[in-house]
Structures are given as C-alpha cells and as structure tokens.
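>>> A structural model of the following input is requested.
(chains A and B)
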There are 2 protein chains.
Amino acid sequence: MDDVKIISVNGLKESNFIRPRRLKYTQAGKDKIWDYMIVHDSVAILIFDVSIKSVVLVRQFRPAVYMTMCHYAEKTNDQPEPKPSDGITYELCAGIMDRKEPPQAIAASEVLEETGYEIEADKLQLISEYRNGVGTSGSLQFLYYAQVDNSMKVSEGGGCDEEGEMIDLYNLPLKDIKSFIEDTTVTNRPVGVLFALQWFLNNKAENFEQVD
Amino acid sequence: MDDVKIISVNGLKESNFIRPRRLKYTQAGKDKIWDYMIVHDSVAILIFDVSIKSVVLVRQFRPAVYMTMCHYAEKTNDQPEPKPSDGITYELCAGIMDRKEPPQAIAASEVLEETGYEIEADKLQLISEYRNGVGTSGSLQFLYYAQVDNSMKVSEGGGCDEEGEMIDLYNLPLKDIKSFIEDTTVTNRPVGVLFALQWFLNNKAENFEQVD
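Sure, this is the predicted structure:
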C-alpha cells in the first residue's frame, strides 16, 4: 500500500472534488471576504463485528494527509522528510455522497465495498450529524453505527477496484479501544473516529464485555 | 451576528487559506490522481470555567457552512432556502497556526482573543492530535483542555476586531453537556466539539459534580 511514487503536483482551479470559492459579504454592515470550498457531503460508519468482538476500521494511503505532511516538513525544515507509509490513516469506513440516494443507502454501499459486510441500510443507527472543516468547507457528515457478524461477510472488501482504491481492514479489539483513543502518538486519524469509538464505549460496549 | 448580506461568490484559484492542488502519483505501479488542498494546521481548546461550572463555547457565522448549505439546497431543490442564522455554529475556541509559534502559545492567544480568559500556555493539557478532512486537506489539529475561573477573565473576548471577527460566547452548563452531545437535530458543529465534550465527561466532570 505504501509503494507510492509522486509524479507531479500542480495548482488546480476547480475539480469535481474541490471547488474553491471567494465570498464577498457584509456582516452588520462591515465588508468581509471569506475563502472556502465546496466539497461533497459524506457518510461514515462505525462497524462492530460481534463474532470477533472488534471494531472494523479501514487503512489507506491518503494523498491529502501525506502531501500536507510534506508541505509542513519543507516549510519548517525541522522534521524528517515524510515517507509514504506516514500517509496511511486509521479511519472509519466512509464515503462521499456523490449520487442522489439517501445517506443510509450510500453508507450501506460503502460498508460492502470497503469491508465486505452486507448490511441492510435501514438497520443503520444514526449516531450524529455534524460539519467537517467549518472554516474551510463546512460539509455535512452523517455518522452511523452498524453491528455485523461473520455471516454477513460476503467479500474481502478493499474498496472499488475501478476507482483504484486500495484499502486494508484493521480489526480493533474491544479491549484495545480505550488505549487507541488515548494514544496521542498516532495522529493519522480523523477526529470522527475518536468520537465514534468513544460513543461505542459509552453506549454499546457493555453488551459485549465479559470476564476474561 | 446574522445580519449578513451576500455581495458576490466567485471562483478562486489560490489564496492564503485555500491552496488547491492536483497530485499525480503511482501506487503499486498504478497511475492515480488525487485533488486536495493545503490549508493551515490549527488548534482547538476545550475551556471549562469552574466558577460557573460551564464549558465555554464560541458561536459565529461561518461563511463556508452557510454557503455549503445554500449550494446543497439549490442542488437538491427539496429544502427551504437557508437563512444566515442557519450558518451560525457551536464550536470550541480555535484558530489557525499561521505563525511560527508553538501550538500551545497560539492556543493561549486564541483563548484570550475569542473568550477573554488569560491563561498560561504551559498549563494547557493536550487531549489529542488528529487530522481534519483526511480526504480533502489532511491538516493537523491540536486539541487542548484549559481550566479557568472568573479571576482569569480579563476582557470580553469576541475575536479580533481588526480581522472583523464577530464571536459570541456560549456557556454550556455541566449538566447539559450530555444532552448537547446527543442532540442530533443541531448539526452546525464540528465533530471535534463532540469528541472534546465527551472527553470532558469521561475525564474531568466528576471533579465538579455535586449533589443538587
């Protein structure tokens, strides 16, 4: 997954994924300017497999994370040059809402595509809705909980081959969730995964805990 | 705060805040393209005022959130047109790291500027570090905890006048934190505030709870 070679980095005015805008407006009569971008709304799903008593996370090389690391390493000149393996993240299964379907349906598709579990969209439990990057994009994310077992595992997952996705699954055992949340040495994860795992500990974990 | 009038919305190639890029790379020998943007790293601070037993949040009109709402309302054509008041968020005190200072120092400045509490940078407790928008930007956010009392309140806060910030403080009492986190009808908040509040309930709240 970290066999990555950079070919080129270029400026970009607009794409299907990043639509930068400059807003001029007045607030209480004062002239203001704000730069932002429109990006897709998204879904994220916390998956717990009761058969293996583990949360199922995904790991993938994230160009935006890696290039941001390279940018800051170059700018500050006081840290070692990042390696592609540093750009691999721990995340919830997730996807952008780029088609006109209910968020639950898109979430169920992403679970199947990325992790290989076949779930019914209406079984997804809404945990929360919130905004990502309120300063820069403000896109909405729907966060769901999906409880699965090994009978629902119908494929390997790994992402959409046509889109070139390369996704590894990472099983986080129930007993390790707390230390995963508290570990401040691993920064390559969105805060949504931390919130979702904490929600799981507070609301679901007691159903699965047992005396060892 | 919601006396907002839109003057113009224009495309944007590059600015100090939004630097869109197109990366061409190979992964395991396969050609790939990823569009992303470089944005500033940032700090966010969970502030608890022990004198009033409340978390101190900030509220402000967020152009990126409001314009994203307008974009999706126009696109889907099935929801009422957003009003500027819909673009006001609940957030942690926060700021971008746009100068060469340690994140704690920037965090302490933001706390003073936005909320009027004077705190010592080295008293800030690191809660976590994580990435925002791993698909689109991957910028790093440092999350801190600051415990304050009314003797440290030296000004009204409200943001930096020169930068045209208009920020209202919102005191969230200890007893209301749980319902604030669980309320899925209010979506105008970043997930970082939810994680931070949950962290507070799990790690700090018991020090301040009392029998009514």
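
>>> For my notes, confirm A:R131 occurs in a strand.
Yes. According to DSSP: H, G, I helix; E, B strand; the rest coil, the state of A:R131 is that of a strand.

>>> lowest-confidence helix or strand of chain A?
helix A:63-76 (a mean of 91; mean pLDDT, DSSP states H and E).

>>> Buried residues, it. List them.
Within helix A:63-76, the residues that count as buried by 16 or more other CB atoms under 10 Å in any protein chain shown are A:P63, A:A64, A:V65, A:Y66, A:M67, A:T68, A:M69, A:C70, A:H71, A:Y72. For every residue, glycine as well, the C-beta is placed using N, CA and C.

>>> Mind pulling the model confidence for the residue of chain A positioned farthest from its centre?
Using CA atoms, centre = their mean, the residue of chain A lying farthest from its centre is A:G29. It sits 39.0 Å away. On pLDDT, A:G29 comes in at 92.

>>> Now do the helices in chain A.
Read by DSSP state H, chain A holds these helices, from start to end of the chain: A:63-76, A:103-115, A:177-182, A:191-203.

>>> Just confirm A:T184 contacts B:Q125, I think it does.
No. The pair A:T184 / B:Q125 is not scored as a contact, 10.9 Å apart, by CB atoms under 8 Å.

>>> Not counting its neighbours along the chain, what's nearest A:K83?
Nearest residue to A:K83, sequence neighbours excluded (CB to CB, 6 or more residues apart in numbering or on different chains): A:D2, at 7.2 Å.

>>> picking that back up, pull out whichever of the buried residues of helix A:63-76 are also neighbours of chain B.
The subset of the buried residues of helix A:63-76 lying close to chain B, counting by CB under 8 Å from any CB of the partner chain, consists of A:P63, A:A64, A:V65, A:Y66, A:M67, A:T68, A:M69, A:H71, A:Y72.

>>> Closest one to B:V134 out of the residues you listed, please.
Nearest to B:V134 among those: A:V65, at 5.5 Å, using CB to CB.

>>> Quick check: phi and psi on the residue lying closest to that closest one once chain neighbours are set aside?
Spatially, and ignoring its direct neighbours in sequence, A:V65 is nearest to B:G138 (3.5 Å; CB to CB, 6+ apart). The phi/psi pair for B:G138 (degrees, to the nearest 10) reads phi 70, psi 20.

>>> B:G138: neighbouring residues, count only.
Close neighbours of B:G138, defined as other CB atoms under 10 Å in any protein chain shown, add up to 27.

>>> A:V55 too?
By other CB under 10 Å, 24 other residues sit near A:V55.

>>> What of A:E113?
Neighbour count for A:E113, taken as other CB under 10 Å: 19.

>>> Nice, that's everything, thank you.
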